[in-house]
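Asker: Got a sequence here, can you build the structure:
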Amino acid sequence: MEDKWNEKKRHILLAAMKLFAANGYMQTTMQEIAEACKISKGSVYQQFASKEELLLDIFKFFNKRVNDGLQLVECERHLSPRERLEQKILVERHLWAEYPEFLTMQMRENGGFVSQEIEDYLKRMNTEIRLNFIDSLVGLYGEGYAPYAPEGALLLSSLMSSYSGLQLVEKITLGPEEVCRHMMHIVDAVAERTLREKPKPFLNEINWPGLREVSARSTKSAHPLLLVKRCRERLERLSEGEARNEALDSLAVLEQELVEIRPRKVIVLGMLANLKRVSELADSLAELEAACKQAGLVRG
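Answerer: Below you'll find the predicted structure:
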């Protein structure tokens, strides 16, 4: 029943996204969304209290897919710094290709329809994604590039948005891998010259107050999905047993819940409680619980 419930919610989200892209957010009614889904308007309201809540969940759906994809790349320890950054670029490129309506929806609106709650959420998510790319840029070009990494992340973001927008507007085909290689060529050239000439960074906390959050990235916890993977790796090194197998099952349930648009706190808390029975996970579990608290999934 829960799987069907979640699938129904995704169906409404994707249908609404297409209608918002085609007709505009303000011009689209909940009745039209219901008709597109072939369900009653009451069924739509069972899932979303308002059209604004539906819009917020569309942003959460897409940004969660992006952020989770970036974190899964972080889990791949065999990747070189360059391969890691390339894979992160491809995560975004593939998602833009999979959900072109998301970009169209944003391009056709001027942002005046966005509530303060949505605006605050988008700022947080943009910072999260930017931090992820900043860390990869520093990993690739070294600590000497750290003062310039925020601008490097902005360059990457601008290139990705521009190429995706060009594809939508001009109806042209650009292969994700081809675009990625070209973007890396541009970013490499800029980084090489920057490191050689060492100009004074243009952005600072005075002209960009949000840079303070970027500078504090070292205080952030690892992403819960990454920590779940670490717990699984530790469990798999233990000998077979009922406790080990039950813990692996709890991790599987927790991982599935964490990729949902709105993870249920009761499920997250329950799985964390189950995992506390395995003493070998104590250190990793403490870090996982802290990350879940930071994400608002566990009470402080």
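Asker: and the strand or helix carrying Glu257, what other elements does it pack with?
Answerer: Using DSSP states H and E, Glu257 falls within helix 242-258. With contacts taken as 3 or more Cβ pairs under 8 Å, 6 or more residues apart in numbering; DSSP states H and E, helix 242-258 sits against helix 224-236, helix 265-275. The way it works is simple: take the backbone N, C-alpha and C, and place the C-beta from them, glycine included.
Asker: Quick one: those helices as CSV, columns for mean neighbour count and mean pLDDT too.
Answerer: Formatted as CSV, these follow (neighbours: other Cβ atoms under 10 Å; pLDDT from 0 to 100):
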stretch, mean neighbour count, mean pLDDT
helix 224-236, 19, 85
helix 265-275, 17, 91
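Asker: got those helices as TSV, with distance to Lys64 columns?
Answerer: As requested, the helices and strands packed on helix 242-258 are exported to TSV (distance: least, Cβ to Cβ, whole Å):
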stretch	distance to Lys64
helix 224-236	10
helix 265-275	15
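Asker: Next, the buried residues of the strand or helix carrying Arg124.
Answerer: Element membership for Arg124 (DSSP H and E) is helix 116-141. Neighbour counts over helix 116-141 (16 or more other Cβ atoms under 10 Å) mark 118, 121-122, 125, 128-141 as buried.
Asker: Tell me which of the helices and strands packed on helix 242-258 sits nearest to Pro201.
Answerer: Ranking these by proximity to Pro201 (Cβ to Cβ) places helix 224-236 first, at 29.2 Å.
Asker: ok and the closest one relative to helix 265-275, angle-wise?
Answerer: 30 degrees (axes from the mean of the first three to the mean of the last three Cα atoms, to 10 degrees).
Asker: Show me how far helix 224-236 is from its chain's centre.
Answerer: Helix 224-236 sits 19 Å away from the centroid of its parent chain (Cα atoms, centre = their mean, to the nearest Å).
Asker: That helix to helix 242-258, inter-axis angle?
Answerer: Going by the same axes, to 10 degrees, helix 224-236 makes 170 degrees with helix 242-258.
Asker: I'd like the average pLDDT over the helix holding Glu257.
Answerer: Mean per-residue pLDDT for helix 242-258: 88.
Asker: Now do it: everything it contacts.
Answerer: 68, 224-225, 228, 231-232, 235-236, 238, 263-264, 267-268, 271-272, 274-275, 277-278, 281, 297 (Cβ atoms under 8 Å, 6 or more residues apart in numbering).
Asker: Quick check: which ranges of the protein have low pLDDT?
Answerer: 1-5, 109-114, 213-221, 298-300 (pLDDT under 70).
Asker: Which residue ranges of it form helices?
Answerer: Counting by DSSP state H, the chain has helices at residues 2-23, 30-37, 41-47, 51-75, 81-98, 100-108, 116-141, 149-170, 176-197, 211-215, 224-236, 242-258, 265-275, 282-294.
Asker: Using CSV, write out every CA atom in the second one.
Answerer: Backbone C-alpha positions of helix 30-37 (Å, rounded to 0.1, in the frame of the first residue of the first chain) are rendered in CSV as follows:
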residue,chain,number,x,y,z
MET,A,30,-5.7,21.6,-9.5
GLN,A,31,-8.7,20.4,-11.5
GLU,A,32,-6.5,20.3,-14.6
ILE,A,33,-3.8,18.4,-12.8
ALA,A,34,-6.4,15.9,-11.6
GLU,A,35,-7.8,15.4,-15.1
ALA,A,36,-4.2,14.9,-16.5
CYS,A,37,-3.8,12.1,-13.8
